[in-house]
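Undergrad: build me a structure from this.
(one chain, ligands or ions: 1)
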Amino acid sequence: MTALSRVDGRVKVTGAARYSADYPIGGLANGYLVLSTIGRGAIRSVDTAAARRSPGVLAVYTHDNPPRLFGGAESGVGYNWLPLQDNQVRYHGQIVGLVVAETFEQARDAAALVRVDYTAVPPRASLRDGIPGATLPDDVNGEPPLLDLLADGVASIDEALGASDVVVTGTFTQPIEYHSAMEPHAAIAVWRDGYLTLYSGAQAPQLAAGTIATTIGVDPSRVHLLSPHVGGGFGNKILTWGHPLLAAAAAKALGRPVRIVLTREQTFGVTGHRSAMSQTVSLGADRGGHLVAVKHDAYASLSAGSDGFLYEAGPHTTSRYFYASPNIHLGQRLVTLDVPPQTPMRAPGQQAGSFALETAMDELAVRLGLDPIELRMRNYATTYPGRGVPWSGKHLDECYRVGAEAFGWSRRDPVPGAAVDGDWLVGTGMATAAYPAVRYRTTGKVRLQADGTAAVSTATSDLGTGMWTVLTMVGADALGIPVDRVRAALGDSALAGNPGAFASAGTASSAPAIQAAARSATRALLELAVTHERSPFHGLSQDQVRYERGDVVGPGRRIAFGTLLGIVNLAGIDAAETTALGPERERFAFASFGAHFCEVAVNRWTGEPRVRRVTTVIDAGTIINEKTARGQIIGGVIFGIGQALFENTHLEPDTGRIANANLADYVLPLSTDVPPIDVRFLNHPDTVFNPLGARGIGELGTVGIAAAIGNALHHATGRRVRDLPITLDKLIDT
Ligand code: MOS
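TA: As a prediction, this is how the structure comes out:
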């Protein structure tokens, strides 16, 4: 395990790194979006006269005069409609106009002068009110939305619950949550000779470029998207939203580059969020603490204006496989609401599902008088439930052991409210983390260059994850040369084929492709060494030369690849390889695991909850860069602290307006809310999964942490809070 500082660190801290809105493009015009101010209905009329007369305004677009460039709503767009193509209003905060002016301020001021008259109908904005009308999705991750895995002779999950010695049941809710990436969404569109260059933060540059091309009706070969630095994505920069589409369309119509930067408030309407969820979990166990029945049903909000894709609420991504049980029931239902679109958000499914399941497990442990770790070990799954295949690598038991030791779990008095520190009630809690290990078909490219450096590239993205650094390290390792001789490239749709950075699959997908391309490049180098007539190795057979740490080595000589390329007068030698998970996918299940332990304190007078310390132990295979990996896990834990204690989207029920669409009122953890986080990696290589043995970590750290905090709060206070966020009013008598 090595720890390398970010290769992109210097450009980031010096401000030299360019994010979407930062490119100095000559003749840039600025767009500002006009958003709907009703929750549902239709536009009756729009008056743009005052806006058009406003200083600096170049154009005002509405559905009356849309920039006519669109093909159709393509998959890859996060909406099931396209901006300005009709007069329908699906939710409060939907795009209904675009003002383009010389400056951002002129566009913003003119946008305030656009008068829109609506015919409004009451929006559906409450998950709870919509539950009676919930519907079933077609499938969830390829499985039926209602899935029963029952032992022979068991007729229903309720029968299995009825036969259990002990049953705990709880309903768990959480509100809509927003990714709140530091970099608000932005796009710059530049047309030149029928070709479009877009600067827009994207987790999946090629998906975004392709989506934008088909949606605006141009050949994909004519769209080039650049996204070298992304100021946070967390899932909300996978799909395409309205701003790059409108920037491209307006730039074409005006014959000028156009930039659209969303304000923080606009990101709440124009881009995606995590669905609101309500989940009910029932666990049945025998007196020995063996699960007899796991029943997990969920409702998730689905925006009527979204692409319709569900990122499910938890059952199928947690209770499906977290524990062994002879009887498992999973249920996923949808409640259609007139709200902005849902989209993937860090550990979609697992984040909410683990809060419900891991809290219920804690309740069961309390009920049985069993230690929470012991309960989990008694239900340890060694094969994937219902499939019977083992995991390619699973060391969750070791996570519990190492974490308990490091945290000091054995000193815990299980009685709630037993530990007091002045005015503070102190508690500890733990929970399991798991997230599927995913690997996509990916192409990597390696170029050995005459200057002695190597370029490694693939069209993935670094949304803060450390991918620049990891690609550099993987390239250096595969070529046996120092990292300072390797230049990585990513964040460019013109690079080698890559699905993008999501599902915690970035490293696991891209690293093997770079490795394979490096092998190919060194093979090509050796071939060149023996066949090129100016090469000092010319005429030798292939088995008389070998590649070793940047050099071609033959009888009596060793020549660096850069020198050799110079001698034969070649600027570089290229190789590309495509890699994917093979048939092992049939014989194994793949997941990363972890265990969280945390200590909380609750002020006995005010109910204020504080997280005091966290210990997280991670089993994610080989850790390629211990430093950036630690950052990922710490970020995931902080994400979970937000879920547990702070984040809440306040929807006005009668208007569908988000009342706290800003970072003052949408409360995120501040540095003062983040305790010491002790992250430990087991680092057991999973070479079944890929040659490096590395699984994903981007989302794992956030799975289970809210439950660990909630369980600790119960331990501190004796109160079991099942509604997120767990704010102080829920921890005192009111
Ligand atoms: Mo992730 S929610 O797949 O970026």
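Undergrad: three-state assignment of the residue lying closest to Tyr299 once chain neighbours are set aside?
TA: Across the structure, with C-beta to C-beta, 6 or more residues apart in numbering as the measure, the residue nearest Tyr299 apart from its sequence neighbours is Ser278 (4.6 Å). Where C-beta positions appear, they are placed from N, C-alpha and C, glycine not excepted. Applying DSSP: H, G, I helix; E, B strand; the rest coil to Ser278 yields a three-state assignment of strand.
Undergrad: make 37 the starting number, not 1.
TA: That works, and once the first residue is 37, the last one we named lands at Ser314.
Undergrad: hmm, who's touching the helix or strand that contains Val132?
TA: In this assignment (DSSP states H and E), Val132 forms part of strand 131-137. Counting by C-beta atoms under 8 Å, 6 or more residues apart in numbering, strand 131-137 makes contact with 65-72, 79, 82, 84, 87, 90-99, 103, 119-120, 125, 143-144, 146-147, 150, 152, 278, 282, 286, 290, 294, 296, 305-306, all of which sit outside it.
Undergrad: what is the burial count for Gly602?
TA: 15 (other C-beta atoms under 10 Å).
Undergrad: isn't there a helix covering it?
TA: Yes: with three-state DSSP as the criterion, Gly602 is part of a helix.
Undergrad: tell me the domain boundaries of the chain?
TA: 45-158+215-306, 160-212+309-380+387-397, 425-471+625-766, 478-616 (automatic domain parsing).
Undergrad: per-residue confidence averaged over the shortest one?
TA: What that stands for is domain 160-212+309-380+387-397. Here domain 160-212+309-380+387-397 scores 95 as its mean pLDDT.
Undergrad: could you tell me the end-to-end distance of it?
TA: 34 Å (C-alpha to C-alpha, to the nearest Å).
Undergrad: now do the strands in the stretch 87-236 of the chain.
TA: Residue ranges of the strands in the stretch 87-236 of the chain, as given by DSSP state E, counting those that start in this stretch, are 93-97, 124-125, 131-137, 151-156, 182-185, 202-210, 222-228, 231-236.
Undergrad: please tabulate those in JSON lines, including the columns mean neighbour count and distance to the ligand.
TA: Formatted as JSON lines, the strands of the stretch 87-236 of the chain follow (neighbours: other C-beta atoms under 10 Å; distance: least, C-beta to the nearest ligand atom, whole Å):
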{"stretch": "strand 93-97", "mean neighbour count": "22", "distance to the ligand": "31"}
{"stretch": "strand 124-125", "mean neighbour count": "21", "distance to the ligand": "28"}
{"stretch": "strand 131-137", "mean neighbour count": "26", "distance to the ligand": "23"}
{"stretch": "strand 151-156", "mean neighbour count": "15", "distance to the ligand": "33"}
{"stretch": "strand 182-185", "mean neighbour count": "16", "distance to the ligand": "22"}
{"stretch": "strand 202-210", "mean neighbour count": "18", "distance to the ligand": "16"}
{"stretch": "strand 222-228", "mean neighbour count": "22", "distance to the ligand": "18"}
{"stretch": "strand 231-236", "mean neighbour count": "22", "distance to the ligand": "16"}
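Undergrad: wait, which of these is closest to Asp457?
TA: With C-beta to C-beta as the criterion, Asp457 lies closest to strand 202-210 of these, at 28.5 Å.
Undergrad: excluding chain neighbours, give the residue nearest to whatever residue of the stretch 637-770 of the chain ends up closest to the ligand in space.
TA: Going by C-beta to the nearest ligand atom, the ligand is nearest to Glu735 of the stretch 637-770 of the chain, at 6.2 Å. For Glu735, the nearest residue in space outside its immediate sequence neighbours is Ala383; the separation is 4.0 Å by C-beta to C-beta, 6+ apart.
Undergrad: quick one: closest of the strands of the stretch 87-236 of the chain to Val636.
TA: For these, the distance to Val636 is smallest for strand 202-210, at 18.3 Å, taking C-beta to C-beta.
Undergrad: tell me what that closest one is packed against?
TA: Contact partners of strand 202-210 among helices and strands, from 3 or more C-beta pairs under 8 Å, 6 or more residues apart in numbering; DSSP states H and E: strand 313-321, helix 386-404.
Undergrad: same for the longest one, what does it pack against?
TA: Okay, so that is helix 386-404. Helix 386-404 packs on strand 202-210, strand 313-321, strand 327-339, helix 408-414, strand 460-472, helix 741-753, going by 3+ C-beta pairs under 8 Å, 6+ apart.
Undergrad: got the angle for the fifth one vs helix 386-404?
TA: An angle of 120 degrees separates the directions of strand 460-472 and helix 386-404 when computed by axes from the mean of the first three to the mean of the last three C-alpha atoms, to 10 degrees.
Undergrad: gap between the next helix or strand after strand 460-472 and the chain center?
TA: Using DSSP H and E, the helix or strand that follows strand 460-472 towards the C-terminus is strand 478-485. Going by C-alpha atoms, centre = their mean, to the nearest Å, the spacing between the C-alpha centre of strand 478-485 and its chain's C-alpha centre is 26 Å.
Undergrad: which residues does the nearest residue to Ala748 once chain neighbours are set aside contact?
TA: Counting by C-beta to C-beta, 6+ apart, Ala748 lies nearest to Gly465, which is 3.2 Å off, once chain neighbours are set aside. Taking C-beta under 8 Å, 6+ apart as the definition of contact, the neighbours of Gly465 are 398, 408, 633-634, 636, 743-751.
Undergrad: do the same with Arg160
TA: 76, 166, 340, 372-374.
Undergrad: same check on Pro159?
TA: Under the criterion of C-beta under 8 Å, 6+ apart, the contact partners of Pro159 comprise 74-76, 127-128, 373-375, 691-692.
Undergrad: filter the residues you listed down to the ones in strands?
TA: When these are checked against strands using DSSP state E, the ones located there are Leu373.
Undergrad: lovely, talk soon.
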